[in-house]
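Trainee: predicted model and sequence below, questions to follow.
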Amino acid sequence: MGKQITFDKKEDLPLVTSSFESMAWNKTGDWRYLKPIFQDKTPPCNNSCPAGEDVQGYLYLAQKKKYKEAWNLIKEENPLPAVCGRACMHPCEDSCNRGEFDEPINISAIERFLADNAIKQGYILPPIKRKKKKEKIAIIGSGPAGLSCAYQLKRIGYQVTIFEALPALGGMLRIGIPDYRLPKDILEHEIDTILELGIQIQTKARIDKETIAKDMKDFHAIFIATGCHKSIRLGIAGGDSRSVISGLDFLKDIHFGKKVPLGKKVAVIGGGNTAIDTARLALRLGAKPFILYRRTPAEMPAIKSEVIQAENEGIEISYLTAPTRIISKGNRVTALECVKNRTGPPDSSGNKTLIEIKDSHFPIEVDNIISAIGEIPDISILPEEVDLENRLIVTDESLKTTMNGVFAGGDVKSPLRSIAHAIGSGKRAAIAIDRYLKAKTLEDVMDTIRIGDGPGLSMRSYLQRDDPSRRKTKQVVRYKDINIDYFEQKPRHAVKTLSIEERVSSKKEVHLGFPCETALQEAGRCFNCGVCNHCDNCYIFCSDLAVIKHKGKTRNTIDYDHCKGCGVCIEECPRDAMYMEREEK
Amino acid sequence: MSSTMPMQEYISPGHMACPGCGAVLAMRYILNVLGEKTVVVIPASCWSVIDGVFPYSAVRVPLFHTAFETAASVASGIKAGLDIQGDTETTVLAFAGDGATFDIGFQALSGAAERNEDFIYVCYDNEAYMNTGVQRSSATPYGAWTTTTPVRHPKDRPKKRILEIMAAHEIPYAATASIAYPDDLSAKVKKAKGIYGTKFLHIFSPCPTGWKSKSSQIIKIARLAVHTKVFPLYEVENGFTFHINMEPKNIPVREYLKLQGRFAHLSEEDIADIQRQVDEEWEHLLKRALY
């Protein structure tokens, strides 16, 4: 088709003007001064995930009912989706463009569905095809950072040993998050899938500077992810009293089956997740806990939805209330004296300053006081060569400490304490250690593996398991880039929760998770920001017939010989998976 | 969106339309439904140019170029010829612009419709004589600039209500459609193909050249025309039964007007006036649809 015809002689001309060929010979691409290009961009959910999950990618697979592939895709970046689907603070949902349209996608519930479904169906990870490497790496600490690092190093091919001080793996996931939020069989299942890759473990192996110096000589690199397991002491009169329980110790003791004698009136001091978890656990043990927090609800670091659940369960939270003195009778605490605060102008760190309201002191009758005002790392175990700042390990971008061959991540290194951040730093360390052992830098690969302009790195890109031609640009797609004419408003599906009575009388999980049908519908709400999902709008609306469809999953291409550059494809792409470039003439 | 439109194409790339031409999409969507067994009749129009020059054609089915006023009479003749040959399979499609439909070819069209000739007549409406240089037609909307209704004297008469005029011939099927909604358009072509007699389709086809709009925004403009009620999607069966096919989102007409340079001169009062006219016509249509 499309060849040009010439008539050499007059006799060759037809009797009437008639056509013999199409117009395809006419290369109208010459008319173009703007060139449309198919190019996937970074969705905001992917951009904001500290663990580097391809959120849009697995939501898309879930839309296609490819639940196993979706789970596999999460697992490439994060070995703990069943944990994150339950206990992550999901910044992905905060950045979801759908939030400006109606409500954000319930990503955490879909992640949890995919992970639970994988457990139910007995899915196993595809075997590692990479060659086994001889180098050995020690991971100190088996929280989310340590597990993530061990998992990714093993996938790269290294020999990994995890050292854990406690009798069981999981770190803060195990001792810090009660069963009603993260059932331990779920955690253990996910840890098992990691260990099944062939990772050595040593539990009850408390590491200190001597063991690091002596026993770890054989290791080619060490990753320190010991977390924050020391509670900050309550700095008030009577605060050192033995009757003040630390929130973290309380959670740990209950987890390991120890009896903690509790009275009825339990005051929990603090505003983080430990405080909320402590109070809710105390409630389940028959107490009447209440929470005292010195700042305002907006400044509370705990996950918002968990705070709401605590309130639903009848736990009273007094804001702008700070304890000043513990009143004891003998060994027994009887009351807590508090003072009311008001907020002043913000200080240099942006926090509102707190001003004590004069003569507002008042006593509260209490049976127990649980202090959950924060945790700090136990730095006494660290070698002197490892530099610290503000009691946190100092590292460079590649998580390398000041001690040769020693890397650090998770809560012991970063003030950004979340499961997703810890998982992300474990992965970053795994990549950095691989680079270090190859005598190369992390910086060289950052451009390839960094997701958008966010905190996450892509293991999939690092291991070159993705399609390099479909790698996303760093540009993050925002709501204004979405063509909302192609979407209808649909409310977000909420997860069902256990009744208050059932919650208080058991340790059962509060959130019930999505049934398959709901997960499918909720995934269907995803805009697929910045990533072509083969909707074919570009093809349908091309008046130059210059968009070419291909069989299978290959994305459409543009026939630049004929595209006149009108730009309709870009305007009508619902998800901004294209861009326009000035044509060089 | 996933379209139900058939994807077998009957137009070749390399055609002579301007970038972002709505008329090409109109023809493309229609032929995709009608298929190979179709004869197209084209009077003088943009499409006379778009199709290409001798000895080429951008359309892969037989296509007959004819004089401005003759689309309906030539289509009648071709249909008669096919009847004599005993060909009952082939669809005859007259494909004319608004000039050849609303003005110059109207006599032939009205006559053919009155005789209930068996063909599909499509008017792709870009609201002026675009091919000859953007002169006003009776399809040009109130307030619009054209080269013959300059900014100082923009058009001061409303657009002719062609669909109701055609429906008044009591033909079996008359419908509006838009290039922004190919599925609705395809469904209407399919329906028309299955009906004996004169079928009239009025297709809204933005023209970035004549409307002084961005070539990238033709679909957006066409979509807004539906949702501002400027160009509602509806059909009329047998002259009396009206159905509205898509509930407009009731977007202010300003949103539609502001994307087009041909309306750039309008004052706030003019826009309010157009809004009033659009609302009135919509009420008028609603009454008929509810009747």
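Mentor: Perfect, I can see it now.
Trainee: contacts and neighbour counts: CA atoms only from here.
Mentor: Will do.
Trainee: identify the residues contacting the nearest residue to A:Cys228 once chain neighbours are set aside.
Mentor: In space, and not counting its chain neighbours, A:Cys228 is closest to A:Pro377: 3.9 Å by Cα to Cα, 6 or more residues apart in numbering or on different chains. Contacts here follow Cα atoms under 8 Å, 6 or more residues apart in numbering or on different chains; on that basis A:Pro377 touches A:Thr226, A:Gly227, A:Cys228, A:His229, A:Lys230, A:Arg391, A:Leu392, A:Asp411, A:Val412.
Trainee: so which of these would you say is closest to chain B?
Mentor: A:Asp411 (44.6 Å; Cα to the nearest Cα).
Trainee: give the burial count for that closest one, as a bare number.
Mentor: 27 (other Cα atoms under 10 Å in any protein chain shown).
Trainee: next, the residue nearest to it when sequence neighbours are not counted: secondary structure please.
Mentor: For A:Asp411, ignoring the flanking residues on the chain, the nearest one in space by Cα to Cα, 6+ apart is A:Gly227 at 4.6 Å. Recorded secondary structure, A:Gly227: coil (DSSP: H, G, I helix; E, B strand; the rest coil).
Trainee: who are the contact partners of A:Gly227?
Mentor: A:Gly141, A:Gly143, A:Gly171, A:Met172, A:Pro377, A:Gly410, A:Asp411, A:Val412.
Trainee: can you count the residues close to the fourth one?
Mentor: When you say that, I think you mean A:Met172. Neighbours around A:Met172, by other Cα under 10 Å: 20.
Trainee: may I have the phi/psi pair for it?
Mentor: Here is the backbone geometry of A:Met172 (degrees, to the nearest 10): phi -60, psi -30.
Trainee: show the end-to-end separation of stretch A:561-572, please.
Mentor: The straight-line separation of the ends of stretch A:561-572 (Cα to Cα, to the nearest Å) is 21 Å.
Trainee: now that stretch: average pLDDT?
Mentor: For stretch A:561-572, mean pLDDT rounds to 97.
Trainee: any part of it near chain B?
Mentor: Yes: against chain B, stretch A:561-572 shows contacts by Cα under 8 Å from any Cα of the partner chain at A:His562, A:Lys564, A:Gly565, A:Cys566, A:Gly567, A:Val568, A:Cys569, A:Ile570, A:Glu571, A:Glu572.
Trainee: neighbour count, secondary structure and distance to A:Ser18 added to those, as a markdown table?
Mentor: Listed next are the residues of stretch A:561-572 next to chain B as a markdown table, based on neighbours: other Cα atoms under 10 Å in any protein chain shown; DSSP: H, G, I helix; E, B strand; the rest coil; distance: Cα to Cα, whole Å:
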| residue | neighbour count | secondary structure | distance to A:Ser18 |
| --- | --- | --- | --- |
| A:His562 | 24 | coil | 24 |
| A:Lys564 | 27 | coil | 27 |
| A:Gly565 | 29 | coil | 30 |
| A:Cys566 | 27 | coil | 30 |
| A:Gly567 | 23 | coil | 33 |
| A:Val568 | 24 | helix | 33 |
| A:Cys569 | 29 | helix | 34 |
| A:Ile570 | 23 | helix | 37 |
| A:Glu571 | 23 | helix | 38 |
| A:Glu572 | 26 | helix | 37 |
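Trainee: wasn't A:Ile194 part of a helix?
Mentor: Yes: inclusion of A:Ile194 in a helix is indicated when three-state DSSP is applied.
Trainee: where's it relative to A:Asp444, distance?
Mentor: 28 Å.
Trainee: for the two, indicate the residue with more neighbours.
Mentor: The residue with more neighbours, out of A:Ile194 and A:Asp444, is A:Ile194; 21 against 10, by other Cα under 10 Å.
Trainee: picking that back up, so which of the contacts of A:Gly227 comes closest to chain B?
Mentor: A:Gly410 (42.6 Å).
Trainee: test my guess that the closest one contacts A:Arg428.
Mentor: No: using Cα atoms under 8 Å, A:Gly410 makes no contact with A:Arg428, being 10.5 Å away.
Trainee: contact partners for residue 162?
Mentor: If you meant another chain, say so; for now it's chain A. A:Ile162 touches A:Ala138, A:Ile139, A:Ile140, A:Gly141, A:Ser142, A:Gly146, A:Ala150, A:Ile199, A:Gln200, A:Ile201, A:Gln202, counting by Cα under 8 Å, 6+ apart.
Trainee: nope, chain B please
Mentor: Here B:Ile162 is in contact with B:Phe102 (Cα under 8 Å, 6+ apart).
Trainee: now swap in B:Phe204 and tell me
Mentor: B:Tyr124, B:Asp125, B:Asn126, B:Thr176, B:Ala177, B:Ser178, B:Ile179, B:Ala222, B:Phe231 are the contacts of B:Phe204 under Cα under 8 Å, 6+ apart.
Trainee: and the contacts of A:Ile162 as CSV, adding pLDDT and distance to chain B?
Mentor: Formatted as CSV, the contacts of A:Ile162 follow (pLDDT from 0 to 100; distance: Cα to the nearest Cα, whole Å):
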residue, pLDDT, distance to chain B
A:Ala138, 96, 51
A:Ile139, 97, 48
A:Ile140, 96, 50
A:Gly141, 96, 48
A:Ser142, 97, 46
A:Gly146, 98, 43
A:Ala150, 98, 43
A:Ile199, 95, 46
A:Gln200, 95, 50
A:Ile201, 96, 51
A:Gln202, 95, 54
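Trainee: out of those residues, which sit inside strands?
Mentor: A:Ala138, A:Ile139, A:Ile140, A:Gln200, A:Ile201, A:Gln202 (DSSP state E).
Trainee: pLDDT value on the residue nearest to A:Cys228, please?
Mentor: 93.
Trainee: list the contacts of stretch B:246-261.
Mentor: Against stretch B:246-261 from outside (Cα under 8 Å, 6+ apart): B:211-214, B:221, B:224-230, B:232-234, B:263-264, B:271, B:274-275.
Trainee: could you pick out the buried ones from those?
Mentor: By neighbour count, with 16 or more other Cα atoms under 10 Å in any protein chain shown, the contacts of stretch B:246-261 hold B:211, B:213-214, B:221, B:224-230, B:232-234, B:263, B:271, B:274-275 as buried.
Trainee: go through those and flag which are in strands.
Mentor: Filtering the buried ones among the contacts of stretch B:246-261 for strands - DSSP E - leaves B:Tyr234.
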